[in-house]
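Asks: next input, structure requested:
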Amino acid sequence: MDAMNSLGPSTLSLQKETPEPERFSAQSNQSGELVDRGEVASKPRGFWTRRKIILFAVVLAIVVIVLAVVLPVVLVGKKGGKKVAENAGSTGSPNATPTAALPTPSAGSTLLSGGDGSTVTTENGTSFTYRNSFGGYWVQDTANPFNNDARPNSWTPPLNTSWNWGVDRVYGVNLGGLFVLEPFITPDIFQRYPTASDEFTLSQAMAADTANGGLSQLEDHYATFISEEDIAEMAGAGLNFIRIPIAFWAIETWEGEPYLAKTSWKYLLRVLGWARKYGLRVCLDLHAVPGSQNGYNHSGRGGTVNFLAGNMGLANAERTLYYIRVLTEFISQPEYRDLVPIFGIVNEALVSLIGQDSISSFYLNAHDMIRNITGLGEGNGPYIAIHDGFEAHSVWDGFLQGSDRIMMDQHPYFSFGGSQPDPIDVPGADGSPGGQWPLQACNSWGPRTNQTRSGFGLIIGGEFSASPNDCGLFLNGVNGQPATPGCTDFDDWENYSTAMKQGVENFVTATFDALGDWFFWTWKIGASKAGRIETPLWSYQLGLRNGWIPQDPRVALGKCASLGASSDPFDGKYQPWQTGTPSSIPAVSTSQFPWPPAAITQADVELSVLPTYTNTAPIITMPPATFTSVPSQVTATVDGWFNDQDTGGGIATVAGCPYPDEYRPTFSVLPTAPCTGP
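Replies: This is a model prediction of the structure:
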């Protein structure tokens with residue numbers, strides 16, 4: 001399940017490295033100018049004394065100091081800048097003084113950079129003030145759009161510096177509802193089309209509505225739902241990662257698929273450019289695959305599972321592998337591999353229906369395909385994130401030992417466990433607001449996360465929310481209703497009491513601490529037709545701006561211990577192959593999990609006669625971003641395809657063979673032999 005939230009400006013101030021002279025403090029007046037508030041005795045004008053000479057010298061020193069601090073806020077400097085790595089690999093303290101420094105340019109260069117209080121001018125000419133009191137800085141190089149010098153805060157390594165798993169912490173948010181629409185994230189769109197329940201039916205309804213722009217309305221949504229200022233705000237809130245869900249129709253659509261094809265890719269590239277500018281790393285998540293991997297509305301079409309299940313289960317899996325290949329080739333290019341270090345290859349595959357052996361075969365086949373493209377070891381392509389499939393983590397212990405950089409993605413929610421009426425604005429065990437929820441988050445998710453680190457390896461919390469229940473408009477789908485009574489208390493965010501805000505914040509910080517490395521679902525919830533946000537506890541931005549999301553995510557460190565929660569600490573030692581030490585990576589045997597798997601669940605015939613595809617189509621190469629006034633030698637090698645040795649064809653139907661519907665696959669005549677064409 002997916003969701004989205006938003007944030008607000010931080011309150012810590014950036015401390016100068018050079019102390020102010022005694023008896024003077026530099027403060028700002030309403031116009032933003034620095035003024036001196038010292039207590040120096042005044043003399044009549046024109047009366048030049050020794051004290052005045054001293055005063056003049058001191059004031060002059062202050063001016064020099066202020067200029068030294070303020071002038072670098074917007075710099076024009078040398079291409080590439082200076083690589084900064086202060087404090088890299090440290091989670092930091094919530095009260096730590098930011099020490100990150102802006103890149104140092106030289107005269108005549110093309111580097112623009114800015115820290116807290118700097119002015120950002122966007123590509124459309126509008127501007128905003130960058131607010132980041134955590135020592136972060138943005139970087140834009142007009143001659144090199146792939147400059148990785150930016151840094152979101154003082155405790156996160158810049159993009160040009162390696163991430164240290166187990167030391168550096170992921171503080172992230174999702175961009176849910178941007179490229180894969182969900183009713184509760186953008187309720188106004190679904191309210192305009194009452195027949196729509198997922199993006200498949202929404203696309204059909206929109207396409208028929210030519211009077212209001214038809215399917216192009218989706219492009220309007222891509223262009224406006226998330227802005228550059230949103231990305232800057234994330235960095236200013238102490239975050240350092242974003243998870244971006246995309247769908248297979250960003251790559252292509254086939255006949256019968258009503259989605260807006262190949263359009264969201266352009267806007268994904270724009271978001272990637274913004275993330276780079278503000279130093280945010282990206283987890284790219286393939287959220288919707290052919291046939292639907294879970295039957296939920298965010299998989300494209302709700303209802304049934306036809307990925308590794310049903311009569312089109314094998315064919316849809318083959319097509320999914322191809323799209324994973326295409327995306328891997330793009331994000332493994334040198335210009336993107338530091339920006340996109342994690343690739344979630346299938347979101348929330350429903351393992352209880354698909355089967356553990358079948359999904360394991362798929363994951364191993366995908367791993368081998370990806371590593372044949374990227375090579376082995378840290379720095380060679382992304383970490384591969386696989387979802388736990390809503391299964392107990394113990395079933396994944398020892399999974400694909402010796403594989404190269406596979407991590408688990410868990411999505412812990414209390415919201416979908418039926419009625420959850422317990423209040424959150426009442427005292428908990430420690431006497432502070434939150435009721436049962438903060439301690440329950442710690443006990444439910446902390447020990448199992450650490451056990452998974454020991455038994456499996458790296459794990460991220462790819463989704464969770466600030467809501468302990470299923471309250472909110474359309475959270476259970478356009479036709480669903482909350483199972484939890486008393487939702488007004490949770491939905492009426494404009495009238496939250498202080499206890500309500502503190503209770504939710506305690507629940508959120510407990511979840512932060514329990515998961516360790518996390519992505520909140522989601523950054524932003526859109527307003528309904530009523531003009532208000534009706535699923536408020538799923539919006540990071542709203543909570544940040546209104547007091548139930550912490551201004552500094554580091555305040556969560558130690559929260560579970562302070563509540564007396566159960567503890568099963570991880571020793572911090574990952575196996576070398578889990579973090580990409582090449583010398584330790586043995587070949588993974590395919591004998592236990594061969595591809596294709598031995599059987600496809602819910603198919604009407606045996607696997608050998610199920611429909612499949614052939615690799616005879618031209619390869620799809622995803623187009624790179626285009627830039628004006630950038631030297632051609634800078635962008636010439638960015639062609640969308642990393643490994644030129646990967647020359648196999650693309651997916652195509654076998655000529656002359658019948659294929660059941662992708663989502664509702666029934667045979668008109670049961671096949672008795674494989675179809676190989678004429």
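Asks: C-alpha only now, for contacts and for neighbours.
Replies: OK.
Asks: quick one, phi psi at the spatially most central residue of the chain?
Replies: Closest to where the C-alpha atoms of the chain average out (C-alpha atoms, centre = their mean) is Arg243, at 1.3 Å. With angles defined as degrees, to the nearest 10, Arg243 sits at phi -110, psi 120.
Asks: if it is in a bridge, with which residues?
Replies: Beta bridges link Arg243 to Asn174, Cys283, judged by DSSP bridges.
Asks: that one reaches Trp518, doesn't it?
Replies: No - using C-alpha atoms under 8 Å, Arg243 makes no contact with Trp518, being 9.8 Å away.
Asks: where do the contact lists of these two overlap?
Replies: Counting by C-alpha atoms under 8 Å, 6 or more residues apart in numbering, the common neighbours of Arg243 and Trp518 are Gly172, Val173, Gly462.
Asks: which residues sit in contact with the closest residue to Trp518 other than its chain neighbours?
Replies: Excluding the flanking residues, the one nearest Trp518 by C-alpha to C-alpha, 6 or more residues apart in numbering is Gly461, at 4.4 Å. Applying C-alpha under 8 Å, 6+ apart, we find Gly461 in contact with Asp409, Gln410, His411, Pro412, Leu515, Gly516, Asp517, Trp518, Phe519.
Asks: buried subset of the residues you listed, written for PyMOL?
Replies: The following PyMOL command selects only the buried members of the contacts of Gly461, with burial defined by 16 or more other C-alpha atoms under 10 Å:
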select buried, resi 409+410+411+412+515+516+517+518+519
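Asks: adding pLDDT and distance to Ala499, write the contacts of Gly461 out as TSV.
Replies: TSV is the format used below for the contacts of Gly461 (pLDDT from 0 to 100; distance: C-alpha to C-alpha, whole Å):
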residue	pLDDT	distance to Ala499
Asp409	98	32
Gln410	98	30
His411	98	27
Pro412	98	24
Leu515	98	24
Gly516	97	26
Asp517	98	27
Trp518	98	25
Phe519	99	25
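Asks: now, the contacts of Gly461 that are in helices?
Replies: Leu515 (DSSP state H).
Asks: once you drop chain neighbours, what's closest to Asp409?
Replies: His387 (4.5 Å).
Asks: look up phi and psi at the one you found.
Replies: Torsion angles, degrees, to the nearest 10, at His387: phi -80, psi 150.
Asks: any regions of the stretch 501-650 of the chain where pLDDT drops low?
Replies: When residues are selected by pLDDT under 70, none of them lie in the stretch 501-650 of the chain.
Asks: which residues in it form helices?
Replies: 540-546, 559-562, 632-635 (DSSP state H, counting those that start in this stretch).
Asks: give me the contact list for the following helix or strand past the last one.
Replies: It refers to helix 632-635. Using DSSP states H and E, the helix or strand that follows helix 632-635 in sequence is strand 650-652. Contact with strand 650-652 is made by Glu318, Arg319, Tyr322, Tyr613, Thr614, Asn615, Thr616, Ala617, Pro618, Ile619, Ile620, as judged by C-alpha under 8 Å, 6+ apart.
Asks: from what I can see Glu233 touches Thr129, true?
Replies: No - contact criterion C-alpha under 8 Å: Glu233 and Thr129 do not qualify, at 10.1 Å.
Asks: just the strands from the stretch 501-650 of the chain, written as ranges.
Replies: For the stretch 501-650 of the chain, the strands defined by DSSP state E, counting those that start in this stretch cover 518-520, 614-617, 650-652.
Asks: got those as a markdown table, with distance to Trp437 columns?
Replies: Listed next are these as a markdown table, based on distance: least, C-alpha to C-alpha, whole Å:
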| stretch | distance to Trp437 |
| --- | --- |
| strand 518-520 | 17 |
| strand 614-617 | 51 |
| strand 650-652 | 48 |
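Asks: pick the most buried one from those.
Replies: strand 518-520 (a mean of 29; mean count of other C-alpha atoms under 10 Å).
Asks: that one packs against which elements?
Replies: strand 171-174, strand 241-247, strand 459-461 (3 or more C-alpha pairs under 8 Å, 6 or more residues apart in numbering; DSSP states H and E).
Asks: CA-only coordinates of the helix or strand containing Gln440, as PDB, when you get a sec.
Replies: Using DSSP H and E, Gln440 maps to helix 437-455. Extracted C-alpha coordinates of helix 437-455, given in PDB (Å, rounded to 0.1, in the frame of the first residue of the first chain):
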ATOM      1  CA  TRP A 437       1.200   3.000  19.400                       C
ATOM      2  CA  PRO A 438       4.800   4.200  19.900                       C
ATOM      3  CA  LEU A 439       5.700   1.200  22.000                       C
ATOM      4  CA  GLN A 440       3.800  -1.200  19.700                       C
ATOM      5  CA  ALA A 441       5.800   0.200  16.700                       C
ATOM      6  CA  CYS A 442       9.100  -0.400  18.500                       C
ATOM      7  CA  ASN A 443       8.200  -3.900  19.600                       C
ATOM      8  CA  SER A 444       6.600  -4.900  16.300                       C
ATOM      9  CA  TRP A 445       9.200  -3.600  13.900                       C
ATOM     10  CA  GLY A 446      12.500  -3.100  15.700                       C
ATOM     11  CA  PRO A 447      13.400  -6.700  16.700                       C
ATOM     12  CA  ARG A 448      12.300  -8.200  13.400                       C
ATOM     13  CA  THR A 449      14.300  -5.500  11.500                       C
ATOM     14  CA  ASN A 450      17.400  -6.300  13.400                       C
ATOM     15  CA  GLN A 451      16.800 -10.100  13.100                       C
ATOM     16  CA  THR A 452      16.500  -9.600   9.300                       C
ATOM     17  CA  ARG A 453      19.800  -7.700   9.200                       C
ATOM     18  CA  SER A 454      21.400 -10.700  10.900                       C
ATOM     19  CA  GLY A 455      19.600 -13.400   8.900                       C
END
